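# Below: sequence and its predicted model.
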Amino acid sequence: MKITRREFLAGSVLSLGSAYALGKSATPPAPFGTLPSTRQLRWQRMETNAFVHFTVNTFTDKEWGDGDEDPTIFAPVGFDADAIVLALKAGGMKGVILTCKHHDGFCLWPTKTTDHCIRLSRWKDGKGDIVGEISKAAAQHGLKFGVYCSPWDRNNADYGKPAYIDTYRQQLAELLTWYGPVFEVWFDGANGGKGYYGGARETRTIDKHSYYDWPDTWALVRKLQPDAVIFSDAGPDVRWVGNENGTAGETCWATCDPVSEDGSRPAVPGDAKVSVLNSGTRFGSRWLPAECDVSIRPGWFWHEGENSQVKTPEQLLELYFDSVGRGANLLLNVPPNRHGQLSPQDISSLERFYRQLQAIFSNNLAAEAKLKPSNVRGGNPLFSPRMLFDGNPDTYWATDNEVLTPELVLELGRDCQFNLFRLREAIQLGQRIGAFALDAWQRESWTQIAQATSVGSCRLIRLPATVETPRLRLRITDSPVCIALTELGVFLEE
């Protein structure tokens, strides 16, 4: 059986004959623990995506609509999907998730399920389609497209009854079949409360563990968009991080076994223990990486009174380090205003954030270092630490099976100043490293300057002060199996 170099380096399972042909020393590390699916691996490598909250709330100055809004109030006369998507792309976003329906029940596409939708708006005389235009612009400009359709509907008279579930799934089916490929379907724990409900104007409660019949709803997504990841408190592909501050735990495992708030049963959307979501579960039974959702403004929808409270580029950088830098993905909400455009303040902050991010990571000070590893798997150069710098996530530095705490010395060739360190594991082989430390050569001896736990898809260490040294040492201090590191970076953030 012929094995391509890419398959080999990615950790393919080899037959005995192939292993013999390549040589025992060239056998890749065995996968460890729970592994990501192809869709999850693809999603994790995106790292930064945008949320776009837009509905009647934009025009009523509310965060949560009541469900009794007149559809004619929705009139974004200057709506420009291309401009929105291009601004998000300029801010480094790889995908865009649109709030196709929020809790108020107003649908941003010409759904067949209700008149509480864009068909009765004044925009384009009811012939427009916000979902269609955003999805088309995303495809044209190289961003992936995702959807959020709130399970709670404060407008629908059937909410709380079995009939509504059929309506909700029909809405999902329209979104997942009318608009091309979808990379993420976003579900939250919106589990009822006070609403209009077709004129009843009452409070309706539901059993969050059974009413939505989540397994069958998720099965519909799988059938219609098999490549899409499904997000919720309970996954099944991506988990909520447990807050809306955009911050993952300092330790944040990609594996997780989410439980209800009281710990008595498995989690469902709207009932999950946030501490578990925030940190994950070491050696968990499910690969369930975290997504950190946060808004560029205090609110999720645009409000004129918040124009002076847009997060600065420096604040966005902090969010990046506290999300992507801890192995999670960042989902940054940037809401359009009443003209149907992103506000200048938001655009400026987003663009400056991405320019700063690019500048920070433009020069890896370790790329030309002389590398002295304590061990290389089988002594084979295909597993040498030089693989840390080739930009290929399918290649990695690996050690022999019995070597669990290797070291790597980097001779920089001169005194270098740095304050930022990045590691990435080859997560296609599982999350392996439990802890590591970084040392600098100072005053003729090693001084520990940083230590951390989980690595996963990305771990960023920001040092409290700039360090100057000609020599660095990475020490893996805890790993249940041999390592598989795909990237190492040393940077100076000025």
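That came in fine, so what should we check first?
# How is residue 119 assigned, secondary-structure-wise?
helix (DSSP: H, G, I helix; E, B strand; the rest coil).
# mind listing the helices in the chain by residue range?
5-9, 16-22, 38-44, 57-60, 81-90, 130-141, 162-178, 214-224, 274-279, 313-323, 344-360 (DSSP state H).
# In JSON lines: these, plus mean pLDDT, distance to residue 429 and mean neighbour count.
From N, CA and C alone the C-beta is placed, and that goes for glycine too. Formatted as JSON lines, these follow (pLDDT from 0 to 100; distance: least, Cβ to Cβ, whole Å; neighbours: other Cβ atoms under 10 Å):
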{"stretch": "helix 5-9", "mean pLDDT": "41", "distance to residue 429": "11", "mean neighbour count": "15"}
{"stretch": "helix 16-22", "mean pLDDT": "35", "distance to residue 429": "16", "mean neighbour count": "13"}
{"stretch": "helix 38-44", "mean pLDDT": "98", "distance to residue 429": "11", "mean neighbour count": "19"}
{"stretch": "helix 57-60", "mean pLDDT": "98", "distance to residue 429": "44", "mean neighbour count": "20"}
{"stretch": "helix 81-90", "mean pLDDT": "98", "distance to residue 429": "32", "mean neighbour count": "20"}
{"stretch": "helix 130-141", "mean pLDDT": "98", "distance to residue 429": "32", "mean neighbour count": "21"}
{"stretch": "helix 162-178", "mean pLDDT": "98", "distance to residue 429": "32", "mean neighbour count": "17"}
{"stretch": "helix 214-224", "mean pLDDT": "98", "distance to residue 429": "25", "mean neighbour count": "15"}
{"stretch": "helix 274-279", "mean pLDDT": "98", "distance to residue 429": "22", "mean neighbour count": "19"}
{"stretch": "helix 313-323", "mean pLDDT": "98", "distance to residue 429": "23", "mean neighbour count": "20"}
{"stretch": "helix 344-360", "mean pLDDT": "98", "distance to residue 429": "28", "mean neighbour count": "18"}
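# Let's have those helices in JSON lines, adding distance to residue 492.
Shown next, in JSON lines, are the helices of the chain (distance: least, Cβ to Cβ, whole Å):
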{"stretch": "helix 5-9", "distance to residue 492": "30"}
{"stretch": "helix 16-22", "distance to residue 492": "40"}
{"stretch": "helix 38-44", "distance to residue 492": "26"}
{"stretch": "helix 57-60", "distance to residue 492": "41"}
{"stretch": "helix 81-90", "distance to residue 492": "25"}
{"stretch": "helix 130-141", "distance to residue 492": "32"}
{"stretch": "helix 162-178", "distance to residue 492": "45"}
{"stretch": "helix 214-224", "distance to residue 492": "44"}
{"stretch": "helix 274-279", "distance to residue 492": "30"}
{"stretch": "helix 313-323", "distance to residue 492": "15"}
{"stretch": "helix 344-360", "distance to residue 492": "8"}
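# of those helices, which approaches residue 334 most closely?
When the helices of the chain are compared for distance to residue 334 using Cβ to Cβ, the nearest one is helix 344-360, at 5.4 Å.
# Mind checking the helices of the chain for the one nearest to residue 431?
So among these, helix 38-44 is nearest, using Cβ to Cβ, at 11.0 Å.
# and the closest one, what does it pack onto?
Contact analysis of helix 38-44 by 3 or more Cβ pairs under 8 Å, 6 or more residues apart in numbering; DSSP states H and E lists strand 229-232 as its packing neighbours.
# any weak-confidence spans in this structure?
Where the chain drops to pLDDT under 70, the residues are 1-25.
# how does it divide into domains?
As assigned by automatic domain parsing, the chain contains the domains 38-360, 370-491.
# Using JSON lines, please lay out those together with distance to residue 27.
Converted to JSON lines, the domains of the chain look like this (distance: least, Cβ to Cβ, whole Å):
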{"stretch": "domain 38-360", "distance to residue 27": "22"}
{"stretch": "domain 370-491", "distance to residue 27": "7"}
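# need the contact list for residue 252.
Counting by Cβ atoms under 8 Å, 6 or more residues apart in numbering, residue 252 touches 241, 278-280, 290, 326-328, 454, 456.
# any idea how far residue 294 is from it?
Using Cβ to Cβ, to the nearest Å, residue 252 is found at 15 Å from residue 294.
# that older thread, mind checking the domains of the chain for the one nearest to residue 30?
So among the domains of the chain, domain 370-491 is nearest, using Cβ to Cβ, at 7.7 Å.
# So what would you say the end-to-end distance of that closest one is?
Counting by Cα to Cα, to the nearest Å, you get 17 Å between the two ends of domain 370-491.
# Please apply the same query to stretch 447-462.
17 Å.
# same deal with stretch 360-375?
Using Cα to Cα, the two ends of stretch 360-375 sit 31 Å apart.
# for the helices of the chain, which one sits closest to residue 383?
helix 5-9 (8.8 Å).
# and residue 448, what are its bridge partners?
Counting by DSSP bridges, residue 448 is bridged to residue 439.
# What is the burial count for it?
11 (other Cβ atoms under 10 Å).
# thought it was touching residue 438?
Yes - using Cβ atoms under 8 Å, residue 448 is in contact with residue 438, at 7.2 Å.
# Now stretch 287-300 - C-alpha only, PDB.
Only the C-alpha atoms of stretch 287-300 are listed here, as PDB (Å, rounded to 0.1, in the frame of the first residue of the first chain):
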ATOM      1  CA  TRP A 287     -13.800  16.400  21.700                       C
ATOM      2  CA  LEU A 288     -15.700  19.600  22.400                       C
ATOM      3  CA  PRO A 289     -13.600  22.700  21.900                       C
ATOM      4  CA  ALA A 290     -14.800  26.000  23.400                       C
ATOM      5  CA  GLU A 291     -16.100  29.100  21.500                       C
ATOM      6  CA  CYS A 292     -15.800  32.500  23.200                       C
ATOM      7  CA  ASP A 293     -18.600  34.800  22.200                       C
ATOM      8  CA  VAL A 294     -18.400  38.500  22.900                       C
ATOM      9  CA  SER A 295     -19.600  41.700  21.400                       C
ATOM     10  CA  ILE A 296     -17.500  44.600  20.200                       C
ATOM     11  CA  ARG A 297     -20.100  46.800  22.000                       C
ATOM     12  CA  PRO A 298     -21.700  46.500  25.400                       C
ATOM     13  CA  GLY A 299     -24.900  45.200  23.800                       C
ATOM     14  CA  TRP A 300     -25.300  42.600  21.100                       C
END
